[in-house]
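Chemist: Quick one, what's the 3D model for this:
(chains A and B)
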Amino acid sequence: MKDIVALCKRRGFIFPASDIYGGLNGFWDYGPLGVELKNNLRDRWWRDMVIAPPLGPDGTPVNIVGLDSSIIQNPKCWEASGHVGGFNDPMVDCRESKKRYRADHVFVLIPKDGEGHAFAFDQDAEDVEIEKRLKKLSRGKSVADFNKEVLDQVPLDMFSNIIGPDVKTAGTLTEPRQFNMMFHTYVGATASEDNKAYLRPETCAGIFLNFKNVVDSSRVKVPFGIAQIGKAFRNEVTPRNFIFRSREFEQMELEWFCAEEDVPMWFDFWVEQRRAFWLSLGLPKSELHFLDVDKADLAHYSSRTIDIEYRFPFAAPGFDELEGIAHRGNYDLTQHQEFSGQKLDYFDQAENKRFLPHVIEPSTGLTRGVLALICQAYTVDENRPSGVYLDFHPSMAPKKAAILPLTAKDKHVPTAQKLYLDLRDEFVVDLDIKQNIGKRYARQDEIGTPYCFTIDNETAEDHSVTVRDRNTMAQERIHLDKVKDFLREKINGRS
RNA sequence: GCGGGUAUAGCACAAUGGUAGUGCAACAGCCUUCCAAGCUGAUUAUGCGGGUUCGAUUCCCGCUACCCGCUCCA
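Modeler: Residues are numbered from 1 along each chain as shown, chains lettered A, B, ... in the order given. Predicted structure coming up:
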């Protein structure tokens, strides 16, 4: 992972944000090559979802429209979604056990007679365990001798007398602290609680807020989808693992609206589509894992979620989440309907009935996808000068080809320039004239350019150039006129 | 937020309480007809802020960032 981070910085993929000021924890900037790579992945997702969505189970194309909603929405939106009320959890740390607890998930047994210590337990603690521990630490008292209170309701001055859930001495728990996952700001020039607003922690809310607008304006019929790509912000407790968990990141989300009875069919459909998507970009089957999320771990609104996980280097030999496909029920539309007071139900003319559609949400991290592509592409090869190359799928590579005059002399350069100008209208290509050819090949290997076209003496004679393949380092000669078709076929799979 | 570790040039590594070196890369040129070759030249660093000291990159303190382990990840 260290080597990957170093390469990303050295070659201009990803830099620490505010680097010259010492960086900022959880923020990253995308450099000249990083932005090309990210745009490639973004555009491919948009193409596969919105421009040319897949054929549905019945063989006809599914209907998906795009959206770009505002990052800041009316704060009530986040009350409806549960983000404001539900996820500002007070947390408590234990100085001795080094564990952290949600204060509302810990209860405290306070002695009725006011004598001796109070005892804290995790909410999941079993009765037998509780009795056992009380007996051991309180000289034979039992649960009946205590009053039960949730930790975040316990007055602060009592904390010094509480024995934490995983320790034997009192006073190790810190006071509860708020962990607010949402960034907030103030709309308007004056800051006050009245105009407090939030940066969206996920892009999907904007889709639900516009559900009615889209239905009324776009002639879509259930089942259909609304897709959106954009930035999202979360004040993560611990940003970690390079760009994997950062505080500002980018999501690509589809909300697929369908009738409740069709949910199982569409759920399987989207899991398959998303599997095919990642496979087609070069993530091998062996490095992907499909996790049917355990009922107990599901988000409160979801009855089923499948996580597509990738074997990121920091997770290996395990996996970590790349995309989540969630059945959200009609939770979101229900909530927004209630909080906004606006009718959001859908009228099905054929069936002559109104209902709130159910939602299947394939939601993926664009920036996590970028990281997965980089990790997968990173290939050590001691037999080449660079020692390493990036084995990007040609369609994802930030540069599709490099045009290299063999020498910086007049007999090679003008032809190279002409080819460069001809290609750049259609492909992202590099023209590199300086230094010997070996160094230039090595540089292109390190940034994952799949092909290099080299102009040499023969070019002047027969209008042929060599094509050098990144992965095999093999060379073949093709005619100058065939270069465009060659790239079209290799990169887009068609000529 | 806790514990541990790290911080010298773009990268890899030296050294020192008193002028901070080397290799590679990057850059300019020369040379070069296919894989980081050679020659010449110029550029580039002690994360930030305090303290001790005549003098700190070195010793001490604080902060920040990154890595590992917890925790968190709706």
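
Chemist: What pLDDT does the model give A:Arg494?
Modeler: We have a pLDDT of 52 for A:Arg494.

Chemist: Sorry, slip of the keys, the one I care about is A:Met265.
Modeler: 96.

Chemist: is it true that it touches A:Gly56?
Modeler: No: using CB atoms under 8 Å, A:Met265 makes no contact with A:Gly56, being 9.3 Å away. From N, CA and C alone the C-beta is placed, and that goes for glycine too.

Chemist: for chain A, which spans come out with low pLDDT?
Modeler: For chain A, applying pLDDT under 70 flags the ranges A:85-91, A:95-100, A:176-180, A:494-495.

Chemist: Domain boundaries for it, per the record?
Modeler: Segmentation of chain A into domains, based on automatic domain parsing, reads A:34-73+A:184-376, A:88-180, A:389-493.

Chemist: Quick check: end-to-end length of the first one?
Modeler: Looking back up the chat, that one is domain A:34-73+A:184-376. For domain A:34-73+A:184-376, the first-to-last residue distance is 15 Å (CA to CA, to the nearest Å).

Chemist: Same check on stretch A:402-421?
Modeler: Start-to-end, stretch A:402-421 (CA to CA) is 12 Å.

Chemist: For that stretch, list every residue counted as buried.
Modeler: When burial is assessed from 16 or more other CB atoms under 10 Å, stretch A:402-421 yields the following buried residues: A:Ala402, A:Ile403, A:Leu404, A:Pro405, A:Leu406, A:His412, A:Val413, A:Thr415, A:Ala416, A:Leu419, A:Tyr420.

Chemist: and what of stretch A:153-164?
Modeler: In stretch A:153-164, counting by 16+ other CB under 10 Å, buried: A:Val154, A:Phe159, A:Asn161, A:Ile162, A:Ile163, A:Gly164.

Chemist: Kindly report the same for stretch A:291-308.
Modeler: Applying 16+ other CB under 10 Å to stretch A:291-308 flags A:Val293, A:Tyr301, A:Ser302, A:Arg304, A:Thr305, A:Ile306, A:Asp307, A:Ile308 as buried.

Chemist: Phi and psi next, for the residue nearest to the spatial centre of chain A.
Modeler: Nearest to the geometric centre of chain A sits A:Gly365, at 1.8 Å (CA atoms, centre = their mean). The phi/psi pair for A:Gly365 (degrees, to the nearest 10) reads phi -90, psi 110.

Chemist: quick one: which of the buried residues of stretch A:153-164 is nearest to A:Ala460?
Modeler: The shortest approach to A:Ala460 among the buried residues of stretch A:153-164 belongs to A:Gly164, at 80.3 Å (CB to CB).

Chemist: For the closest one, which non-adjacent residue is spatially closest?
Modeler: Take A:Gly164 and drop its neighbours on the chain: the residue closest to it by CB to CB, 6 or more residues apart in numbering is A:Cys94, 4.5 Å away.

Chemist: returning to what we had before: in CSV: the domains of chain A, plus distance to A:Gly82.
Modeler: Listed next are the domains of chain A as CSV, based on distance: least, CB to CB, whole Å:
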stretch, distance to A:Gly82
domain A:34-73+A:184-376, 7
domain A:88-180, 11
domain A:389-493, 36
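
Chemist: Adding distance to RNA strand B, write the ones you listed out as a markdown table.
Modeler: Converted to a markdown table, the domains of chain A look like this (distance: least, CB to the nearest atom of the strand, whole Å):
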| stretch | distance to RNA strand B |
| --- | --- |
| domain A:34-73+A:184-376 | 3 |
| domain A:88-180 | 3 |
| domain A:389-493 | 2 |
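
Chemist: I'd like to check which residues are in contact with A:Trp45.
Modeler: For A:Trp45, the contact set (CB atoms under 8 Å, 6 or more residues apart in numbering) comprises A:Ile229, A:Met252, A:Phe277, A:Thr364, A:Leu366.

Chemist: Could you say which helix or strand holds it?
Modeler: A:Trp45 belongs to helix A:32-46 when elements are defined using DSSP states H and E.

Chemist: give me the number of residues near the closest residue to A:Leu344 other than its chain neighbours?
Modeler: Of all residues not flanking A:Leu344 in the chain, A:Gln337 sits nearest, at 4.4 Å (CB to CB, 6+ apart). A:Gln337: 19 surrounding residues under other CB atoms under 10 Å.

Chemist: for A:Gln337, helix, strand, or coil?
Modeler: Counting by DSSP: H, G, I helix; E, B strand; the rest coil, the backbone at A:Gln337 sits in helix.

Chemist: I figured the residue nearest to A:Gly164 hits A:Lys168, correct?
Modeler: No: using CB under 8 Å, A:Cys94 makes no contact with A:Lys168, being 11.7 Å away.

Chemist: Among those two, which residue is more densely surrounded?
Modeler: The neighbour count for A:Cys94 versus A:Lys168, taken as other CB under 10 Å, is higher for A:Cys94 (18 against 13).

Chemist: so what's the more buried one bridging to?
Modeler: A:Leu173 (DSSP bridges).

Chemist: how about the helices of the stretch 101-250 of chain A, start to end?
Modeler: A:127-137, A:204-209, A:211-218 (DSSP state H, counting those that start in this stretch).

Chemist: Give me the contacts around the shortest one.
Modeler: Same thing as helix A:204-209. A:67, A:69-70, A:73, A:77-78, A:81, A:200, A:226, A:228, A:230, A:253, A:255, A:332-333, A:336, A:361, A:363.

Chemist: and these, which of them are in helices?
Modeler: Counting by DSSP state H, the part of the contacts of helix A:204-209 found in helices is A:Cys77, A:Trp78, A:Asp332, A:Leu333, A:His336.

Chemist: Mind checking what secondary structure A:Arg440 has?
Modeler: helix.

Chemist: so it makes contact with A:Ala402?
Modeler: Yes: taking contacts as CB under 8 Å, A:Arg440 lies within contact range of A:Ala402: 7.0 Å.

Chemist: anything in contact with each of the two?
Modeler: Shared contacts of A:Arg440 and A:Ala402 (CB under 8 Å, 6+ apart): A:Asp432, A:Cys452.

Chemist: Need the contacts of A:Trp45 in TSV (columns: neighbour count).
Modeler: Shown next, in TSV, are the contacts of A:Trp45 (neighbours: other CB atoms under 10 Å):
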residue	neighbour count
A:Ile229	21
A:Met252	23
A:Phe277	20
A:Thr364	25
A:Leu366	21
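
Chemist: Could you export those residues to a markdown table, including columns for distance to A:Glu131?
Modeler: A markdown table is the format used below for the contacts of A:Trp45 (distance: CB to CB, whole Å):
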| residue | distance to A:Glu131 |
| --- | --- |
| A:Ile229 | 54 |
| A:Met252 | 51 |
| A:Phe277 | 53 |
| A:Thr364 | 47 |
| A:Leu366 | 51 |
